[in-house]
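Asks: Quick one, fold the following:
(chains A, B, C and D, ligands or ions: 2)
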Amino acid sequence: MSKLPDKYGHFGLYGGRYVAETLMPALLELEEVYSQCRRDSTFKRELRALQREYIGRPTPLTFAARLTERLGGAKVYLKREDLCHTGAHKINNTIGQALLAKRMGKERLIAETGAGQHGVATATVAALLGFSCEVFMGREDTVRQAPNVFRMRLLGATLREVVSGSQTLKDAMNEALRDWITHVAHTFYVIGTVAGPHPYPMLVRDFQSVIGRETKKQIVQYEGRLPDYLIACVGGGSNAMGLFAPFLPETAVHMVAVEAGGLGAGRNAASMANGYAGVLHGSKTYVLQDETGQISATHSLAPGLDYPGVGPELSYWNDQQRIRCVTVQDAQAVEGMRLLAETEGIIPALESAHAVAHAATLVPQLPATAIVVINVSGRGDKDLQSVANFLGENAL
Amino acid sequence: MSKLPDKYGHFGLYGGRYVAETLMPALLELEEVYSQCRRDSTFKRELRALQREYIGRPTPLTFAARLTERLGGAKVYLKREDLCHTGAHKINNTIGQALLAKRMGKERLIAETGAGQHGVATATVAALLGFSCEVFMGREDTVRQAPNVFRMRLLGATLREVVSGSQTLKDAMNEALRDWITHVAHTFYVIGTVAGPHPYPMLVRDFQSVIGRETKKQIVQYEGRLPDYLIACVGGGSNAMGLFAPFLPETAVHMVAVEAGGLGAGRNAASMANGYAGVLHGSKTYVLQDETGQISATHSLAPGLDYPGVGPELSYWNDQQRIRCVTVQDAQAVEGMRLLAETEGIIPALESAHAVAHAATLVPQLPATAIVVINVSGRGDKDLQSVANFLGENAL
Amino acid sequence: MTRIADTFTQLQARGEVGLIPFITAGDPDLETTFALVHEMARQGADIIELGVPFSDPMADGPTLQRAAERALQHGTSLSHVFELVRRLRQSLPIPILLFGYYNPIWRYGGERFAADARQAGVDGVLCVDLPPEEAEELKRETDRHDLDMIFLLAPTSSLDRAQKVLARARGFIYYVAVTGVTGVRAALPADLSAMVRRIRAISPVPVGVGFGISSAEHAVQVAGVADAAIVGSAISQVIEQSLGRPDLVPRVGALIAELKTALRSVATPHDTGTTIVSLRS
Amino acid sequence: MTRIADTFTQLQARGEVGLIPFITAGDPDLETTFALVHEMARQGADIIELGVPFSDPMADGPTLQRAAERALQHGTSLSHVFELVRRLRQSLPIPILLFGYYNPIWRYGGERFAADARQAGVDGVLCVDLPPEEAEELKRETDRHDLDMIFLLAPTSSLDRAQKVLARARGFIYYVAVTGVTGVRAALPADLSAMVRRIRAISPVPVGVGFGISSAEHAVQVAGVADAAIVGSAISQVIEQSLGRPDLVPRVGALIAELKTALRSVATPHDTGTTIVSLRS
Ligand SMILES: Cc1ncc(COP(=O)(O)O)c(C=O)c1O
Ligand SMILES: Cc1ncc(COP(=O)(O)O)c(C=O)c1O
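Replies: Ligands and ions are numbered 1, 2, ... in the order given. So this is what the prediction gives:
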């Protein structure tokens, strides 16, 4: 694990704990409990058992033969987080946090969700471990991710539709924080990405790092060496950090973070490409905002990327130029989804399709000896309706 | 592997090859190719690699702690076919058949589908291995499983909506057979279950037996012994035979096949419970039919069970009383779905929910020392809309 | 010698190619079927193929699917078909062949089926989905009751397989003209004649050709090589187009007459005498 | 000595509990805010808390969220707020405290913010989401420009943490009355008085209590233990209910008068002299 963040939760300029005083004690307690648990072999054993026997880890690293052939450049491998229980990498994190919540004696989990994947993953672990659960979701997202709303309900969670602000992920997170401030004594807030106040960016990264650790082992097994490129989409950055973190010391491995270019200038969610350092939801990081510091409305067809911030650690590595940040627009992402579906029989989530779309432009420029790993962070089932609408098909 | 069927494809009274003469040469060729492949180490290696690196096998065997506690009887384990790529056990079979098709130099795959799962699984392997693909689906099913229709299209398959007969799975299979008769020279018919003419019931069983082989290894690892009960739902019977087959010689292991009780008498799809021996779609087996031998219309909320026949091997073992056959109705299945969702955070397919629902009545009658394995043959995402409609919720 | 074999002997003696029309019993009702059979016989049909409707006719195209649906709408069953044949037999001299799928027969019971069929006056039976491998049980019964069980060969059959099937043949062999399901087609396969010639060269029984024979031209084409032409969907199409019309029966009659005239215009095929090593050229 | 400290000294001298009303700058427009501040001062407000609107007010309930939305609809920014304060300062003697979230300040630039705030006549600043751990950078600037940076304590704060926060306190300490967000509430927590007493016993600065003080009764309850009562949502509610009405300003004035009267009826709390070992009982 990386030496970052420092003891204040800072990744260089970024990170920290910008929260209401009411929450500070809970964050300090969480930090303390987490630092015990990460050294506790019972905790680690329990986590590993659930990863293996419940989530279905390790997820495969699939050689994409036909995609490789189609793109005509580097060899392409896919890290298959789409095969995780509930359909995305999100559960790697919610399982970990739910185990922490159990340690802390909490009875209730809350979560914000955009795509609904983190909401489903939280509702899932709540059911599994016997917590009550409420999930905050912007009304706009409840419409475009309706099946996930029903999944959460089936899992016994209560859905809290958020009608304030832009009614998307950022507002859901505001509401979740408000609920947490109000019920902090018995409630654990399960944050869905490497954002939020310290220690969340650190612990979510750690729980997601299983992606990168497995990838490292698998690629060495298949190819006898490390990959040249890692590509991951970035909403808050948890699947990206999960893949990247174990490779950070390997300086020959290039890392590409793909942000949501949405519909182009002014209608996107590319916080690192288009944002400025700022403070949102508890940490300092790149934030899409206007010149007076008001947070911008964002757009991405991929609801999991439709967020004006990004995890502070990504901001840090971006400044360090350890990771390179690119953008992919809605239409390209849909093409990326089709490309992977038609060549490999894998329908990626729209979020992950951003990574595929970038690979489609990068890979042809690389020599055949190069190796590229794309993180397929989730499956696309949740996006079928939006893509059908986008394509103007009424066939769904 | 079992010594059944005999060289004519007979399981006792059942099975065989009841097809138009046009198809006989293709079936004989398939039998021949399959008998080579099952002894061919290259084929086996290729299949195993795809199982591991593409499907995501082995799937976990998950101990269901909270379900066990809730039911208050035997210990319950779940075999997690819901974690297979594309969301159900169906792909275990389509991968195998697609590899055979490649061996045979075919260019085109066709398939029938009810729930859409087998159609998606076939479209998936077609994309993966570069076949063209057409999937036959009854119009009624295209409506109730709309997301799967869109998935198949994204995967590049052509959907053939079937408007003849009852417009469900049985009619889709008729149409697929008609297409096959017409294009048999370059087309491989990927049958989705252990039904159809010999050698399909045998080869589908063999490809699905990976479920039971893994389960056997896993339960011995966890419990040091074999389970007392295996429970699986039965549409055509592929997930059931896949789980049961490797346990057939273990006479202490009880096997329960759960058929679709639908809405009760006259509106169900329980072929073994309510049918008579007959000939449908190429083999002799239990078939729901009237006294003049016309095939009955069936009903199940679970489209994958909504079929008037059953694999011939199940008919055989049912007569032998090696497996016990029970029925579960629509409403109980929906309760089974909720039960597993709320206690374990796993939303099973409506088909698999039949097995869960039976477990809910069986498990409380067993001692705490008993061990039950439920085959969670698929995940429920495809069923959310039907269940919402069934429950009268408009919240989806 | 059965009535079917007898018919072919007479045809050969007359130097004629047989016409075997197919209609579905009960389409649109049994009375019309009764009238149709008589009319077809009058217009020159040599053998009547009577379809036993089945709910899941997997070898049939849309035309015959719809014919079966019409017949099943008022519950036409095997018993009804036997009753129809019994009535027809009182005045019909030509052979009647039942054509259908195995399940209704199996459900009726093979032994009972054969006995009742014979007793009603049926001459032969053809199950589309009962290849020789699965036919033994039923064939034992039909043989015992001296019914001809008719087997099929198809464009996909190998020489090996043809020999195996022909070894069991009785009455005649039904050669499926097209790789496909029943239904009218614009053209027959280019290699049809060659295939039929080869089969005929090794067949101990006459060869009828069916599936896709949709016009007088097709009939003529077949007549050059086969012992009989079997016409199904084309007739059912006329029935469908004439539903509810008073002239349904004469319209079908006219088609039969036209087909028969076309067939009579062609000379019977003669044995080629070639040694067959492969069915497919 | 800053104007805020000064105000508390005077209040103590008069044996009075202070009233600190909160309104959002620019709600519904800056002219109204100007009028409201003057009216509130006239009706007895001791310090004015002026909200700087932020798009994502994560510690606020619906009432103050809507107030901020109204202010942002016509783009109220920090520059506008400074301009407003500059105008107010021409005739307003009482302290003005800016209340808001950190991002608009950070984006404005901490140094520039402190300089411009001081220059406009601002006396203190409170960032809801800037706990002492993260405040150092900004505090350096506000200290340099002699602005009071106000910190908060909450019902969840431990004694340890309270001591740490109090060590950095300037002006007064803001005690959050409820575990929750801003907003009117039917009742205050039962242990509120005990908690405030304990904090006051160890605080080097006066203690104001806010969040949820919604009525004269609440104000009286707080007045028994605290140095000042902070009232926000209750006022914004009146503003919201009076939108578009000519008497918006006097209606708010009436509420302030009522609250002030209630507070005046209560004697200032006296030091309890207890040794505090834990904040929570
Ligand atoms: C499948 C998938 N990928 C990616 C994301 C983006 O989140 P993160 O950047 O934290 O991985 C989401 C968020 O919902 C998601 O569902
Ligand atoms: C998830 C699932 N389970 C079970 C079935 C039933 O098929 P079988 O009995 O062949 O396993 C289906 C069929 O579509 C299915 O999708």
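Asks: what's the spacing between the residue sitting nearest the centre point of chain A and ligand 2?
Replies: Compute the mean C-alpha point of chain A, and by Cα atoms, centre = their mean the closest residue is A:Ser238, 3.6 Å away. Distance of A:Ser238 to ligand 2, computed by Cβ to the nearest ligand atom, to the nearest Å: 30 Å. To be clear about C-beta, it is placed using only N, CA and C from the backbone, and glycine gets the same treatment.
Asks: Please apply the same query to A:Gly309.
Replies: 39 Å.
Asks: that older thread, which pLDDT does the model give the residue nearest to the centre of chain A?
Replies: Per-residue pLDDT puts A:Ser238 at 98.
Asks: tell me the phi and psi of the nearest residue to it once chain neighbours are set aside?
Replies: Among residues not flanking A:Ser238 along the chain, A:Thr193 sits closest, at 4.2 Å (Cβ to Cβ, 6 or more residues apart in numbering or on different chains). Main-chain torsions, A:Thr193, degrees, to the nearest 10: phi -150, psi -180.
Asks: residue contacts, the residue nearest to the centre of chain A?
Replies: A:89-90, A:93, A:192-194, A:204-205, A:208, A:311 (Cβ atoms under 8 Å, 6 or more residues apart in numbering or on different chains).
Asks: ok, how many other residues are close to the residue in the stretch 101-250 of chain A positioned nearest to chain D?
Replies: Closest approach between the stretch 101-250 of chain A and chain D, counting by Cβ to the nearest Cβ: A:Thr182, at 3.9 Å. A:Thr182 has 16 neighbours, counted by other Cβ atoms under 10 Å in any protein chain shown.
Asks: Assign a three-state SS to it, would you?
Replies: Secondary structure, DSSP: H, G, I helix; E, B strand; the rest coil: A:Thr182 is helix.
Asks: pretty sure it is touching D:Thr179, no?
Replies: Yes. The pair A:Thr182 / D:Thr179 is scored as a contact, 6.3 Å apart, by Cβ atoms under 8 Å.
Asks: any residue of the longest strand seen in chain A up close to ligand 1?
Replies: Ordering each strand of chain A by length in residues (DSSP state E) puts strand A:254-262 first. No. Contact between strand A:254-262 and ligand 1 is absent, the nearest approach being 8.9 Å (criterion: Cβ under 6 Å from any ligand atom).
Asks: Just list the residues touching the residue nearest to A:Asn268 when sequence neighbours are not counted, thanks.
Replies: Among residues not flanking A:Asn268 along the chain, A:Gly262 sits closest, at 3.5 Å (Cβ to Cβ, 6+ apart). Residues near A:Gly262 by Cβ under 8 Å, 6+ apart: A:268-270, A:298-301, A:329-330.
Asks: and if you look at A:Ser296?
Replies: With contact taken as Cβ under 8 Å, 6+ apart, A:Ser296 is in contact with A:288-290, A:308.
Asks: between these, which is closest to ligand 2?
Replies: Lowest distance from ligand 2 to those (Cβ to the nearest ligand atom) belongs to A:Pro308, with 39.5 Å.
Asks: Report the secondary structure state of A:Thr62.
Replies: Going by three-state DSSP: A:Thr62 is strand.
Asks: Run a quick neighbour tally on the residue of the stretch 151-281 of chain C found nearest chain D.
Replies: Nearest residue of the stretch 151-281 of chain C to chain D: C:Val181, at 65.1 Å (Cβ to the nearest Cβ). Residues lying near C:Val181 (other Cβ under 10 Å) number 28.
Asks: Wait, a helix at it?
Replies: No. Going by three-state DSSP, the assignment for C:Val181 is coil, not a helix.
Asks: Correct me if wrong: it contacts C:Gly61.
Replies: Yes. If you go by Cβ under 8 Å, C:Val181 and C:Gly61 touch, sitting 4.5 Å apart.
Asks: shared neighbours of the two, anything?
Replies: With Cβ under 8 Å, 6+ apart as the test, C:Val181 and C:Gly61 both reach B:Arg178.
Asks: what about the chain, any weak spots by pLDDT?
Replies: If you meant another chain, say so; for now it's chain A. Where chain A drops to pLDDT under 70, the residues are A:1-2, A:393-396.
Asks: Hmm, no, I was thinking of chain C.
Replies: Checking chain C against pLDDT under 70 turns up C:1, C:268-278, C:280-281.
Asks: top helix in it by residue count?
Replies: helix C:248-264 (DSSP state H).
Asks: other SSEs contacting that one?
Replies: strand C:18-24, helix C:30-42, helix C:216-223, strand C:228-231, helix C:233-241 (3 or more Cβ pairs under 8 Å, 6 or more residues apart in numbering or on different chains; DSSP states H and E).
Asks: Give me the distance between the residue nearest to C:Ala254 when sequence neighbours are not counted and ligand 1.
Replies: Nearest non-adjacent residue to C:Ala254, counting by Cβ to Cβ, 6+ apart: C:Gln43, 7.7 Å away. Distance check for C:Gln43 against ligand 1: by Cβ to the nearest ligand atom, it reads 70 Å.
Asks: Count the neighbours of C:Gln43 for me.
Replies: For C:Gln43, using other Cβ under 10 Å, the count is 20.
Asks: Over to it: give its phi and psi.
Replies: phi -90, psi 0.
Asks: Please point out which parts of the helix or strand harbouring A:Glu29 sit buried.
Replies: Using DSSP states H and E, A:Glu29 sits within helix A:24-37. Within helix A:24-37, the residues scored as buried using 16 or more other Cβ atoms under 10 Å in any protein chain shown are A:24-28, A:30-31, A:33-34, A:37.
Asks: What is the nearest of these to A:Cys233?
Replies: Of all these, A:Cys233 sits closest to A:Tyr34, with 26.2 Å by Cβ to Cβ.
Asks: what's near enough to touch the closest one?
Replies: Taking Cβ under 8 Å, 6+ apart, one finds A:100, A:199, A:202-203 in contact with A:Tyr34.
Asks: Kindly recompute the last result at 6 Å.
Replies: By Cβ atoms under 6 Å, 6 or more residues apart in numbering or on different chains, the contact list for A:Tyr34 reads A:199, A:203.
Asks: One more: A:Tyr229?
Replies: Going by Cβ under 6 Å, 6+ apart, A:Tyr229 touches A:254, A:372.
Asks: List the backbone torsions phi and psi for it.
Replies: The phi/psi pair for A:Tyr229 (degrees, to the nearest 10) is phi -130, psi 140.
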